[in-house]
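Asker: sequence and predicted structure below; questions after.
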Amino acid sequence: MDKLRGILLTHFHSDHISDIGDFNLNSWVAGRPEPLQIIGPEGVNRIVEGLNITYELDRGYRVAHHGAELLSPTLGILRSRTINAGVIVDQDGLRITAFEVSHPPIEPAFGYRLDYAERSVVISGDSLVTDTIITMADGADVVLHDAMALPLVKAAETALRAAGVTRTATVLHDIQDYHASITDLQRLVNEADIGQLALYHLVPGPRNPVMTAAFSQGIPEGAIITEDGMVIMLPAGSEEIVIE
């Protein structure tokens with residue numbers, strides 16, 4: 001955690017920003033030597049401003065308890081960086097490119113491509129499969145893409161409506177147009193040269209082997225469903241992809 005310098009945000013839905021405070025605290029305690037930078041599209045400054053206000057009392061308590069020599073007060077304050085689509089980092093062999101994705105009604109929402117030591121990773125954020133993602137994913141070693149098992153979501157919606165749980169059913173109906181369906185992901189692997197497609201941000205999230213098996217029906221051949229704690233390694237100077 002002491003090596004952490006920045007966090008790339010794809011967009012500002014709560015499930016994509018709610019852990020920032022924990023990352024900030026744990027990297028601060030671990031000895032991060034400079035303020036943590038939160039990087040994202042227009043509006044990231046408001047997120048950071050709000051988090052700094054929210055955690056102001058917490059920072060004060062921890063400095064008073066552990067001392068400023070251990071926890072420098074300035075290192076607990078987040079910094080923001082607003083970016084546009086394009087290359088946002090090009091330093092020491094690392095190149096990070098932000099690109100717009102389709103996650104309506106959010107504009108802009110970003111995905112990222114990271115290139116280093118002749119290896120590459122693309123992260124979709126939450127998005128439908130678009131021409132831009134196909135272009136950015138072409139030639140990537142690993143593409144991490146959100147995925148929705150549309151038949152399972154529709155079945156859950158139908159069951160909830162039949163049970164009279166209309167509010168939740170409406171939410172399930174609304175989300176069907178802003179996550180990549182399994183069918184859309186097949187287009188991605190057909191049109192882009194990808195070493196490994198890894199599915200994350202799964203909707204609905206599989207909670208047991210039966211649900212995982214149901215979710216896996218129809219996913220592109222060779223794609224993997226990620227799990228918390230999974231590590232994907234790309235050794236420099238090779239084409240090897242190691243998954244643990």
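Answerer: Perfect, thanks for sending it.
Asker: and the helix of greatest length in the chain, average pLDDT?
Answerer: The helix that spans the most residues within the chain, counting by DSSP state H, is helix 150-162. Average pLDDT, helix 150-162: 96.
Asker: who's in contact with it?
Answerer: Contacts to helix 150-162, defined as CB atoms under 8 Å, 6 or more residues apart in numbering, come from residues 166, 168-169, 172-173, 175-176, 181-183, 203-204, 214-215, 217. The way it works is simple: take the backbone N, C-alpha and C, and place the C-beta from them, glycine included.
Asker: let's see 7 Å
Answerer: With contact meaning CB atoms under 7 Å, 6 or more residues apart in numbering, helix 150-162 is reached by 168, 169, 172, 173, 176, 181, 182, 203, 204, 214, 215.
Asker: ok, of those, which one's closest to residue 129?
Answerer: residue 181 (8.4 Å; CB to CB).
Asker: nearest spatial neighbour of that closest one, chain-adjacent residues omitted?
Answerer: Leaving out its chain neighbours, the residue that sits closest to residue 181 by CB to CB, 6 or more residues apart in numbering is residue 150, at 4.6 Å.
Asker: how close does the one you found get to residue 226?
Answerer: Using CB to CB, to the nearest Å, residue 150 is found at 19 Å from residue 226.
Asker: again, but for residue 50
Answerer: With CB to CB as the criterion, residue 50 and residue 226 are 30 Å apart.
Asker: these two: which has the busier surroundings?
Answerer: Legend: neighbour count by other CB atoms under 10 Å for residue 50 and residue 226, higher for residue 226 (15 against 12).
Asker: can I assume that one is in contact with residue 196?
Answerer: No. With contacts counted by CB atoms under 7 Å, residue 226 stays clear of residue 196, the gap being 10.6 Å.
Asker: which other residues reach stretch 110-123?
Answerer: 8, 10, 41, 93-101, 124-125, 127, 133, 136-137, 139-144, 234, 236.
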